[in-house]
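Q: Below is the sequence, then the predicted model.
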Amino acid sequence: MLRRLYAPAAARRCTPMQSAAAVRAICLLSESSPVLLNNASHRGFERNVWVEEEDAYWYKDVTQIKPAEVPTSINKPSRVELYNLDQVLQKPVGNFDGDRHGHFSVKTNKRYSQAFSDQLDQFCVANKLDSKWWMSSAEVRKANLQLQRGARPFVSIFDKPGKFFNAEQFARPSEIQMRGFSGATGRAYSADISAVLRQHAESNGFPNCIYFTERQLAYFGSNIPQGTQGVQLPGTGRSDVTGNYLYPITAVEKQDTFMKLLQRYPVTVPTYIVSGKPLPKEILAKVESVPNPTNYWVSRREVETRGHALIPKAIGVNTLSDEENRNSIIMFNLVQATDYKALFEKIGRFKPE
């Protein structure tokens, strides 16, 4: 049985390729780095989950690092996924001319490094693309833009530095090892969803709590053997799984500090505070019904990853439709998927040989 487990790793600036938006790697296994594997062996760590030092925002409420424990410094794999503007059907607003030397980020208007631009040049030649401007897959999604049929992104996996603690360096190792995570997005599930996944994993003898939906597995080219049983989550948990609860900025503790961190100022229409994009019309009616109306909205995840917190008993708005919320969702553990290493190379958990 697979014994290599995953732990979360915080997103950080992408230094090798300036302005490139990197996809968050949820975790590292002992086997993903010779340094981690060697340290685990020599220190007698039986658990293979490694948590990044910067992820204190989620583990500090679960368990604490033992006194005097020191993190292990390594270079970890990170994945960047970009679309060329020629692959986007409806272009974003702005002057994105093609006369500049090198390649540029639509979001920051900054030029990528020369080495990274050379890789983008090769991708453009192979795919007959002329634009010098690029958007991350997340930026395309947040802007509600449509891609050309069959458009495939430019993907690169590179090394970034990080400091990690093994699960056994925590006071309660099992709480780190068996935390529920999405293998596709890297997000930790809510406590309720995590409890359901943990019960399923432990009852089946699975060594981790990393789960995928069938759609996610299909997207990454993996599958589940016929007859394999997953765990069914209730429809009411769908919002927690997909992160579709929004909270008004007034629900954020120290909201003035949070606004200053993001350099956000008052707006006249309901807006996602992190992306700066107006809320789509299908969500407006829901947020406008909330008492103490505000024009800035944020998810719990976006707040916590920036070192802040929501006020106790904060009330969020479920942005899913009634039909979507009623639908249950089936999840499958990492060890139930075929060829896990190939799966995680595609997501960026390992750097290919």
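A: Sure thing, it's come through.
Q: For the closest residue to residue 164 other than its chain neighbours, which residues count as its bridge partners?
A: In space, and not counting its chain neighbours, residue 164 is closest to residue 50: 4.0 Å by Cβ to Cβ, 6 or more residues apart in numbering. C-betas here are computed from N, CA, C, even on glycine. Note on residue 50: beta-bridge partners residue 28, residue 166, judged by DSSP bridges.
Q: How many neighbouring residues does residue 50 have?
A: 32 (other Cβ atoms under 10 Å).
Q: In contact with it, which residues are there?
A: By Cβ atoms under 8 Å, 6 or more residues apart in numbering, the contact set of residue 50 is 7, 27, 28, 29, 30, 36, 72, 164, 165, 166, 167.
Q: Surely the fifth one and residue 46 touch.
A: No - taking Cβ atoms under 8 Å as the contact criterion, residue 30 and residue 46 are not neighbours in contact, 10.1 Å apart.
Q: all helices for the stretch 201-350 of the chain, in order.
A: For the stretch 201-350 of the chain, applying DSSP state H, counting those that start in this stretch gives helices covering 214-219, 238-242, 255-262, 281-288, 300-304, 322-326, 340-347.
Q: Same check on the stretch 51-200 of the chain?
A: Here the stretch 51-200 of the chain has its helices, by DSSP H, counting those that start in this stretch, at 56-59, 114-127, 137-142, 173-177, 191-203.
Q: so for the second one, what's the average pLDDT?
A: Model confidence over helix 114-127 averages 92 on the pLDDT scale.
Q: Same question for the shortest one.
A: Across helix 56-59, pLDDT averages out at 66.
Q: Keeping just the C-alphas, turn stretch 184-195 into PDB.
A: The C-alpha trace of stretch 184-195 is given here as PDB (Å, rounded to 0.1, in the frame of the first residue of the first chain):
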ATOM      1  CA  ALA A 184      -6.400  18.800  -7.100                       C
ATOM      2  CA  THR A 185      -6.500  22.300  -5.500                       C
ATOM      3  CA  GLY A 186      -4.400  22.000  -2.400                       C
ATOM      4  CA  ARG A 187      -7.100  23.300  -0.100                       C
ATOM      5  CA  ALA A 188      -7.700  21.900   3.300                       C
ATOM      6  CA  TYR A 189     -11.400  21.000   3.700                       C
ATOM      7  CA  SER A 190     -13.600  22.300   6.400                       C
ATOM      8  CA  ALA A 191     -13.500  20.500   9.700                       C
ATOM      9  CA  ASP A 192     -16.900  18.800   9.000                       C
ATOM     10  CA  ILE A 193     -15.800  17.500   5.600                       C
ATOM     11  CA  SER A 194     -12.400  16.500   6.800                       C
ATOM     12  CA  ALA A 195     -14.000  14.400   9.600                       C
END
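Q: residue contacts, residue 168?
A: 45, 46, 47.
Q: Need the buried ones from these selected in ChimeraX.
A: Buried members of the contacts of residue 168, defined by 16 or more other Cβ atoms under 10 Å, are picked up in ChimeraX with:
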select :45,47
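Q: What is the nearest of the contacts of residue 168 to residue 302?
A: Nearest to residue 302, judged by Cβ to Cβ, of those is residue 47 at 29.6 Å.
Q: Model confidence score at the residue nearest to residue 164, please.
A: 83.
Q: do the same with residue 174
A: With respect to pLDDT, residue 174 scores 89.
Q: so what's it closest to, chain neighbours aside?
A: Using Cβ to Cβ, 6+ apart, the closest residue to residue 174 is residue 167 (7.9 Å).
Q: So the one you found sits against residue 207, correct?
A: No - taking contacts as Cβ under 8 Å, residue 167 lies outside contact range of residue 207: 11.4 Å.
Q: ok, these two, which is more surrounded?
A: Taking other Cβ under 10 Å, residue 167 and residue 207 do not tie; residue 167 has more neighbours (24 against 20).
Q: What count of nearby residues applies to the residue nearest to residue 170 when sequence neighbours are not counted?
A: Distances taken as Cβ to Cβ, 6+ apart place residue 63 nearest to residue 170, at 4.8 Å, with adjacent residues excluded. Around residue 63 there are 16 other residues, counting by other Cβ under 10 Å.
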